[in-house]
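Visitor: Got a predicted structure here, sequence first:
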Amino acid sequence: MRKIRLAVWKFASCDGCQLSLLDCEEELLPLSEAVEVAYFLEASRRVEKGPYHISLVEGSITTPHDVERIKRIRRASRYLIAIGACATAGGIQALRNLRDVEEFTSLVYARPEYIDTLKDSTPVSHHVKVDLELRGCPINKHQLLYVLISLLNGRTPSIPSHSLCLECKMKDNVCVMVSEGVPCMGPVTHGGCGAICPSYRRGCYGCYGPSETVNMESLGRWWIERYGMEREELVRRLRTFNIEGALAPFARSFEGEGA
Amino acid sequence: MTVRVIGKEGLEGLLRALREEGYTVVGPLVRDGAIHYGEIGSIGDLPEGYRDEQGAGRYRLRQEGDLFFGYAVGPGSPKYFLNPPERLLFRVSSDGRGVEEEDGDDPGFAFLVRPCDVAGISIRDRVLLEGEYRDPHYLRRREKSLIIAVNCTHPGGTCFCLSMGTGPEVGDGADLILTEVSGKEHYFLIQAGSQRGKGLLERIPSMEASPAQIREAEGLIEGAKGRMGRALERDGLKELLYRSHDHPYWRDVEKRCLACGNCTFVCPTCFCTTLEDRMALDGSAERWQRWDSCFTLDFTYLHGGSIRSSIASRYRHWITHKLATWIDQFGTPGCVGCGRCITWCPVGIDITEVVEELRKGGG
């Protein structure tokens, strides 16, 4: 196995996805033998120049400086992998895309003129070519390890994009929607987490974003008509993690109804 | 074959005898608001006094009566035990020399299940054991398993086993057959369906059933036939689906279907799997088989894209296989009328209703 150079980058984010790498515990030592960690400020202050074989990018692009920096990282990286809901969908902070960011800065900062920020929070893929995306808030460390091991061995990783229900039923969970009437985003949400929330009898809140085939119109109607869900509540659920993604048109259409 | 009768103690004795013979007893129990299948230690684990209410996309439990088997099937089916959601096929070492096949220390299951699930197992047998390619893992588990059918006296709101000829009274395939009766007295009629079942029955104390007891049980099963929540007209079904390929109703289904695959996961006969290779840091690898569904895009992914990209085409494929092409492949429909796909569809799509809509013509 070749020793490859790994870099881990942070943009607008909470660091939770980077921590997933440190959270690999048992696999961490063997992994550190297989890769050379060239840039990973969360783990080490040692900084090495590129090029890098693999760049893991956490966080969304929110400033003009970010836009320049992600382009430099792209140029220095053979594989660029966006990790987490921020890097792949703009993150929760993309809620600002629906409002006037200048109004926010004028309210929050004493000297808003010092703040240089973009109007929108956007995924990495809006700015540079991304080779692979790992979804989730946070990402699943097993998926991350799978991707790294695949690349170390010269294999193309395959990340399934089916709905979460497959993983939930494989765990033999009783469906929270059918048995309790709990709204669950699982049927329209990208699998990969192992159905964590439904395993604890919570509805999925969709942090992995939309699955490959999304029929939110049908699921939303069911919640409104059968569960008596308010439209505002429905729109809020669609927008928590998916402000810019494939659910955006559904959120707009439900928001528009009767408004 | 003679019909015997046992009480609650006899049922407990049967469970004990099964454990003594090394079986893992799999039967109904209450878990997370539903009657599920799981490991049964004693009759205390059975869902005594529970009844279910089932409709399209809706399931609720309530407490009523004193029956141990007063329920219609829940989301789980024997396939979780016979074809578990994922299993290791083999390991390959990093030096490329060793391929280590999983020999599998398979448990022997004693299934305490409804007639529709017995029919489901028979269908899996035809798919996985007959024909050119047999599933060795399934074969090992099947050879070791014992089936105790509990005749159904309480069909649910989405049941249509009567239409499919799989219940409420069990047909072939059971080693032992139970019918629960709770009236003036609470008893179980029991009879053997195989030599193994006969051997077991001889191990537990039982009495000969009286003609009155047999009549009472038959009356309950007859009554169940009149309380099917759903019905499916079988006449010309295969031809109907074949000529409905371009039916406009598929577009209506598409508006509702989430393509989540839940119908395929709860279906006792759906058997599709895919393969996953999982590598370790040391370069060794494992090949796993895991459940798949014809509702995923990957299922029909070939070079250039997925063949069944629209939801309409995926739903049409699923129901056409269940009710038509399955007959050409394996001699029977792939549906046992258990109603799980109706109840556990998150948005309540009803296979019997879809067939009715197709019958209205337009195809």
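Guide: Perfect, I can see it now.
Visitor: I'd like to know which elements the helix or strand bottoming out on mean pLDDT in chain A is packed against.
Guide: Lowest mean confidence among the helices and strands of chain A (mean pLDDT, DSSP states H and E): helix A:248-256, at a mean of 84. When contacts are defined as 3 or more Cβ pairs under 8 Å, 6 or more residues apart in numbering or on different chains; DSSP states H and E, helix A:248-256 packs onto helix A:216-226, helix A:231-239. Placement of C-beta: from N, CA and C, glycine included.
Visitor: Those: which one's closest to chain B?
Guide: helix A:216-226 (4.7 Å; Cβ to the nearest Cβ).
Visitor: Format the CA atom coordinates belonging to stretch B:300-312 as CSV.
Guide: Extracted C-alpha coordinates of stretch B:300-312, given in CSV (Å, rounded to 0.1, in the frame of the first residue of the first chain):
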residue,chain,number,x,y,z
THR,B,300,-31.1,-1.5,-12.5
TYR,B,301,-27.9,0.5,-12.9
LEU,B,302,-26.1,-0.5,-16.0
HIS,B,303,-23.4,1.4,-18.0
GLY,B,304,-24.9,4.8,-18.6
GLY,B,305,-27.7,4.8,-16.1
SER,B,306,-30.6,3.1,-14.4
ILE,B,307,-33.1,1.3,-16.6
ARG,B,308,-36.1,2.0,-14.3
SER,B,309,-35.5,5.6,-13.6
SER,B,310,-39.1,6.6,-13.1
ILE,B,311,-41.0,5.7,-9.9
ALA,B,312,-43.9,4.4,-12.1
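Visitor: For it, buried residues please.
Guide: Neighbour counts over stretch B:300-312 (16 or more other Cβ atoms under 10 Å in any protein chain shown) mark B:Ser306, B:Arg308, B:Ile311, B:Ala312 as buried.
Visitor: Show me what from the stretch 101-250 of chain A comes close to chain B.
Guide: Those residues of the stretch 101-250 of chain A that sit near chain B, judged by Cβ under 8 Å from any Cβ of the partner chain, are A:146, A:149-150, A:152-153, A:155, A:160-163, A:165-166, A:169-175, A:177-181, A:184, A:186-188, A:201, A:212-213, A:215, A:217-219, A:222, A:226.
Visitor: which among the residues you listed end up buried?
Guide: The neighbour-count test (16+ other Cβ under 10 Å) marks A:146, A:149-150, A:152-153, A:160-163, A:165-166, A:169-170, A:172-175, A:177-181, A:184, A:186-188, A:212-213, A:215, A:218-219, A:222, A:226 as buried among those.
Visitor: Quick check: A:Tyr39 is in a strand.
Guide: Yes - judged by DSSP: H, G, I helix; E, B strand; the rest coil, A:Tyr39 forms part of a strand.
Visitor: tell me which element the closest residue in space to it that isn't next to it in sequence is part of?
Guide: Distances taken as Cβ to Cβ, 6 or more residues apart in numbering or on different chains put A:Ala7 closest to A:Tyr39, at 3.9 Å, once the chain neighbours are dropped. Here A:Ala7, judged by DSSP states H and E, is contained in strand A:4-10.
Visitor: State the mean pLDDT of that strand.
Guide: Averaged across strand A:4-10, pLDDT comes to 96.
Visitor: which residues touch the very next helix or strand once past it?
Guide: Downstream of strand A:4-10, the first helix or strand assigned by DSSP H and E is helix A:16-22. Contact with helix A:16-22 is made by A:8, A:10, A:28, A:40, A:42-43, A:56, A:58, A:83-84, A:86-87, A:136-141, A:144, as judged by Cβ atoms under 8 Å, 6 or more residues apart in numbering or on different chains.
Visitor: Let's see that with 7 Å instead.
Guide: The contact list for helix A:16-22, computed with Cβ atoms under 7 Å, 6 or more residues apart in numbering or on different chains, reads A:Val8, A:Lys10, A:Glu42, A:Ala43, A:Glu58, A:Ile83, A:Gly84, A:Pro138, A:Ile139, A:Lys141, A:Leu144.
Visitor: before we move on, the earlier item: surely the residue nearest to A:Tyr39 touches A:Tyr52?
Guide: Yes - applying Cβ atoms under 7 Å as the test, A:Ala7 and A:Tyr52 come out as touching, 4.1 Å apart.
Visitor: Mind telling me which residue is nearest the centre of chain A?
Guide: A:Ala85 (1.5 Å; Cα atoms, centre = their mean).
Visitor: can you give me the helices in the stretch 151-300 of chain B?
Guide: B:161-164, B:195-203, B:211-225, B:237-243, B:249-256, B:262-266 (DSSP state H, counting those that start in this stretch).
Visitor: Mean neighbour count, those helices: which tops it?
Guide: helix B:262-266 (a mean of 26; mean count of other Cβ atoms under 10 Å in any protein chain shown).
Visitor: now, which of the buried residues of stretch B:300-312 lie close to chain A?
Guide: B:Ile311 (Cβ under 7 Å from any Cβ of the partner chain).
Visitor: taking the buried residues of stretch B:300-312 one by one, which sit in strands?
Guide: Mapping these onto strands (DSSP state E) picks out B:Ser306.
Visitor: re the thing from before, what does the least confident helix or strand of chain A contact?
Guide: Against helix A:248-256 from outside (Cβ under 7 Å, 6+ apart): A:Met216, A:Glu217, A:Gly220, A:Arg231, A:Leu234, A:Val235, A:Leu238, A:Arg239, A:Asn242.
Visitor: Same question for stretch A:203-211.
Guide: For stretch A:203-211, contacts defined as Cβ under 7 Å, 6+ apart pick out A:85, A:88-89, A:135-137, A:161-164, A:176, A:182-186, A:188-193, A:197-198, A:237, A:240-242, A:245-247.
Visitor: So which of these belong to helices?
Guide: A:Ala85, A:Thr88, A:Ala89, A:Val176, A:Cys197, A:Pro198, A:Arg237 (DSSP state H).
Visitor: Need those residues in TSV (columns: pLDDT).
Guide: Below are those laid out as TSV (pLDDT from 0 to 100):
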residue	pLDDT
A:Ala85	95
A:Thr88	95
A:Ala89	94
A:Val176	98
A:Cys197	97
A:Pro198	98
A:Arg237	92
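Visitor: Among these, which one sits closest to chain B?
Guide: When the ones in helices among the contacts of stretch A:203-211 are compared against chain B (criterion: Cβ to the nearest Cβ), the nearest one is A:Val176, at 8.3 Å.
Visitor: nearest spatial neighbour of that closest one, skipping sequence neighbours?
Guide: A:Val182 (4.1 Å).
Visitor: what packs against whichever strand or helix holds A:Cys168?
Guide: Using DSSP H and E, A:Cys168 falls within helix A:165-170. The contact analysis (3 or more Cβ pairs under 7 Å, 6 or more residues apart in numbering or on different chains; DSSP states H and E) places helix A:165-170 against helix B:262-266.
Visitor: Cool, thanks, talk later.
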